[in-house]
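Visitor: What follows is a predicted protein model with its sequence.
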Amino acid sequence: MVGNHLLQHRELSATAIGVGAYIQSLPDGAPVGIRALTERFQEGEKRISAALRELERHGYLERRRERLDTGRVVTRTYSYNKPLTGGDEPPPPPDREPVPEPEPEEAPEPEPEPEPAPPRPELHPGAADLLAGLRRHDPRLLLAERDVQRLAPKVSAWLERGADPEAIGLTLTGNLPETMRSPASVLAYRLEALLPPRLPAAPAARPVRRPDPFQTCDGCERAFRSPHPGRCRDCPPPPGVRAAA
């Protein structure tokens, strides 16, 4: 039963009186934590928390940290119809069954930062200029800037495969249809469908065999080619040296 001493308390705020009266009107075991009270009243957490501190300070409320048999520590709230004074001890069985307040929910883990976008591939320096210059061959090939940026990687692939810029221009401008609703789409199709293969690797250069240098024959002083000085084939070897077989 709610006592007049609570309803007419001069030092309690209106919020504290209302919260205290509401708690005392509840059955034993009802949740009286901050979250449950903010769901019941329009006041926010700060005002409800301040009201509970007022009731606790004036002896109408007691909150204890207790350890359960499972080892979990919870906060139990005890409500007293008769406020406790400074020298009073809480009665062994309190007027209200202890209600464990729910532990605050853990803050959700922050979402991982999105991975940075992969760097754009480097384009051949002449790709965009080639596309922008197509209108010189056919005025209908006047492309928007965004179309040039979209098609430039495709042209760059041609150039990287060794295609001549003039040959690319002829491929893109030759035999165009009389009516083109989307010139950029026509160019995109040709760049994809007619992409040439990569050039094969150049064959390794064969080593060049250089001729032997000229030597002067020690016998007849005639010039002949040989890696070493000595006599030509027509002159006999010097005494004591066997002729080569």
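Guide: Perfect, thanks for sending it.
Visitor: switch to C-alpha atoms for all contacts and neighbour counts from now on
Guide: Fine.
Visitor: name the helices or strands packed onto the longest helix anywhere in the chain?
Guide: Across the chain, the longest stretch assigned as helix under DSSP state H is helix 145-160. If you count contacts as 3 or more Cα pairs under 8 Å, 6 or more residues apart in numbering; DSSP states H and E, helix 145-160 packs onto helix 127-132, helix 183-193.
Visitor: List the buried residues for that helix?
Guide: For helix 145-160, the neighbour count (16 or more other Cα atoms under 10 Å) marks 147-148, 151-159 as buried.
Visitor: For it, what does the pLDDT average out to?
Guide: On average, the pLDDT along helix 145-160 is 94.
Visitor: Name the residues that touch that helix?
Guide: Identification of contacts with helix 145-160 by Cα atoms under 8 Å, 6 or more residues apart in numbering yields 123-124, 126-128, 131-132, 165, 168, 184, 188, 191-192, 195-196.
Visitor: Which among the residues you listed count as buried?
Guide: In the contacts of helix 145-160, the ones that pass as buried (16+ other Cα under 10 Å) are 123-124, 127-128, 131-132, 168, 184, 188, 191, 195.
Visitor: follow-up on the earlier one: determine the angle, from 0 to 180 degrees, between the longest helix of the chain and helix 183-193.
Guide: Per axes from the mean of the first three to the mean of the last three Cα atoms, to 10 degrees, the angle that helix 145-160 makes with helix 183-193 is 20 degrees.
Visitor: any idea how far Gln42 is from Glu54?
Guide: Remark: distance between Glu54 and Gln42 (Cα to Cα, to the nearest Å) = 18 Å.
Visitor: Among the two, which residue is more densely surrounded?
Guide: Shown here are Glu54 and Gln42; by other Cα atoms under 10 Å, Glu54 has more neighbours (20 against 10).
Visitor: For that one, give me the pLDDT.
Guide: Predicted confidence (pLDDT) for Glu54: 85.
Visitor: surely it meets Ala16?
Guide: Yes - if you go by Cα atoms under 8 Å, Glu54 and Ala16 touch, sitting 6.5 Å apart.
Visitor: Now for the two: what residues contact both?
Guide: Joint contacts of Glu54 and Ala16 (Cα under 8 Å, 6+ apart) do not exist.
Visitor: Okay then, goodbye and thanks.
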